[in-house]
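Student: Using only what follows, build the 3D model:
(2 chains)
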There are 2 protein chains.
Amino acid sequence: MTPIKIDHIAVVVDDLDSALKFWQEALGLPIGGKEHNEHEEVEIAFLPIGEGRVELLQPITETSGIAKYLAKRGPGMHHLCLAVESIDSALADLADKGIEIIQPAPRTREDGTRYAFVHPKATGGVMVELYEMVK
Amino acid sequence: MTPIKIDHIAVVVDDLDSALKFWQEALGLPIGGKEHNEHEEVEIAFLPIGEGRVELLQPITETSGIAKYLAKRGPGMHHLCLAVESIDSALADLADKGIEIIQPAPRTREDGTRYAFVHPKATGGVMVELYEMVK
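Tutor: Next up, the predicted model:
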């Protein structure tokens, strides 16, 4: 179930507009989309680069996991998302190898995409998202 | 000077062998190379994935920047490296836009590759390496 590519790097920021001054204006990356996600309590900007993208996340409440992360750790890289062919076989494979998954079953986003997070304890300190590539 | 791709994610780990249990054994990524870098005081493993790679860094002294980062922040993602066509034009461009570069001029590695780091203050919290792609 070897992952196919780095799908995205998620970066938690204090302020989306000020972060875009670097990522979009100075670096010149295009904005692939913006999303106001009430469920995860974040404002998101996606910036495509090569076969992947940078995702900037700004908390919109003080109660979300992302807001707590920001308060505790400061702004910076939050998780690394790797694309896999099949999320079910990836999770079964990791479970066989004794790797701790944060949710035992994959979650499904509103757009139908399926994903799961691997606990940083299992990876050497990185929150790793596995994401099933859309065919 | 829009960057071309995510070249690598550098991850600081306590112990390379134990991190490889996840990245290589469980995830199935191949090892592209290992390097004992006396100058930067780290042991490195490169794991190619898609057009980029994951770089695992284990400090081999207690005095390096990486060792201090690990002591202060714990293991996790250290920097994000983006590939650019020309490091000179990228740095000139960022300087024009008032972005703070950690070194004013690019550095050159022993293998001849050229790079520079952008200060996390300028990026929204991420240490960004710009790396000139080898033609």
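Student: got any ranges where chain A has weak pLDDT?
Tutor: A:135 (pLDDT under 70).
Student: let's go with 90 and repeat that
Tutor: Counting by pLDDT under 90, the low-confidence segments of chain A come to A:1, A:38-40, A:100-105, A:109-112, A:134-135.
Student: Walking through chain A, point out its helices one by one.
Tutor: A:16-20, A:65-73, A:87-96, A:120-123 (DSSP state H).
Student: of all the ones you listed, which lies closest to residue A:79?
Tutor: Closest of the helices of chain A to residue A:79 is helix A:120-123, at 8.9 Å (criterion: Cβ to Cβ). Using the backbone N, CA and C atoms, a C-beta is placed for each residue, glycine as well.
Student: Report whether that closest one contacts chain B.
Tutor: Yes. Counting by Cβ under 8 Å from any Cβ of the partner chain, contacts between helix A:120-123 and chain B involve A:120, A:122, A:123.
Student: which residues are contacting stretch A:58-76?
Tutor: Contacts with stretch A:58-76, where a contact means Cβ atoms under 8 Å, 6 or more residues apart in numbering or on different chains, come from A:11-16, A:19, A:36, A:40-44, A:57, A:78, B:73, B:77, B:120, B:124-126.
Student: of the residues you listed, buried ones?
Tutor: Among these, those buried by neighbour count (16 or more other Cβ atoms under 10 Å in any protein chain shown) are A:11-13, A:16, A:19, A:40-44, A:57, A:78, B:77, B:120, B:124-126.
Student: Show only the entries of those residues found in strands.
Tutor: Of the positions in the buried ones among the contacts of stretch A:58-76, A:11, A:12, A:42, A:43, A:44, A:57, A:78, B:77 sit in strands, assigned by DSSP state E.
Student: Mind putting the residues you listed into JSON lines with distance to residue B:6?
Tutor: Shown next, in JSON lines, are these (distance: Cβ to Cβ, whole Å):
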{"residue": "A:11", "distance to residue B:6": "12"}
{"residue": "A:12", "distance to residue B:6": "18"}
{"residue": "A:42", "distance to residue B:6": "21"}
{"residue": "A:43", "distance to residue B:6": "22"}
{"residue": "A:44", "distance to residue B:6": "18"}
{"residue": "A:57", "distance to residue B:6": "17"}
{"residue": "A:78", "distance to residue B:6": "15"}
{"residue": "B:77", "distance to residue B:6": "12"}
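Student: right, and the pair among the residues you listed with maximum separation?
Tutor: A:43 and B:77 (21.7 Å).
Student: Number of residues surrounding residue A:108?
Tutor: For residue A:108, the neighbour count with other Cβ atoms under 10 Å in any protein chain shown is 12.
Student: Spatially, what comes nearest to it if we skip its sequence neighbours?
Tutor: Counting by Cβ to Cβ, 6 or more residues apart in numbering or on different chains, residue A:114 is the residue found nearest to residue A:108 once chain neighbours are left out, at 5.2 Å.
Student: what's the answer for residue A:102, then?
Tutor: Spatially, and ignoring its direct neighbours in sequence, residue A:102 is nearest to residue A:117 (4.2 Å; Cβ to Cβ, 6+ apart).
Student: contacting residues for the one you found?
Tutor: Residue A:117 sits next to A:79, A:101, A:102, A:103, A:127, A:128, A:129, A:130 when contact means Cβ under 8 Å, 6+ apart.
Student: Which ones among those lie within strands?
Tutor: Per DSSP E, those map to strands at A:79, A:128, A:129, A:130.
Student: hmm, which of those are the buried ones?
Tutor: A:79, A:128, A:129, A:130.
Student: Columns distance to residue A:26 on top of the residues you listed, output as CSV?
Tutor: CSV is the format used below for these (distance: Cβ to Cβ, whole Å):
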residue, distance to residue A:26
A:79, 24
A:128, 29
A:129, 27
A:130, 31
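Student: so which of those residues are also by chain B?
Tutor: Among these, no residue sits close to chain B (Cβ under 8 Å from any Cβ).
Student: quick one: residue A:94 from chain B, how far?
Tutor: In this view, residue A:94 and chain B are 6 Å apart by Cβ to the nearest Cβ, to the nearest Å.
Student: I'd assumed residue A:101 was in contact with that residue.
Tutor: Yes. Assessed by Cβ atoms under 8 Å, residue A:94 is found in contact with residue A:101 at 6.2 Å.
Student: Nothing else from me, thank you.
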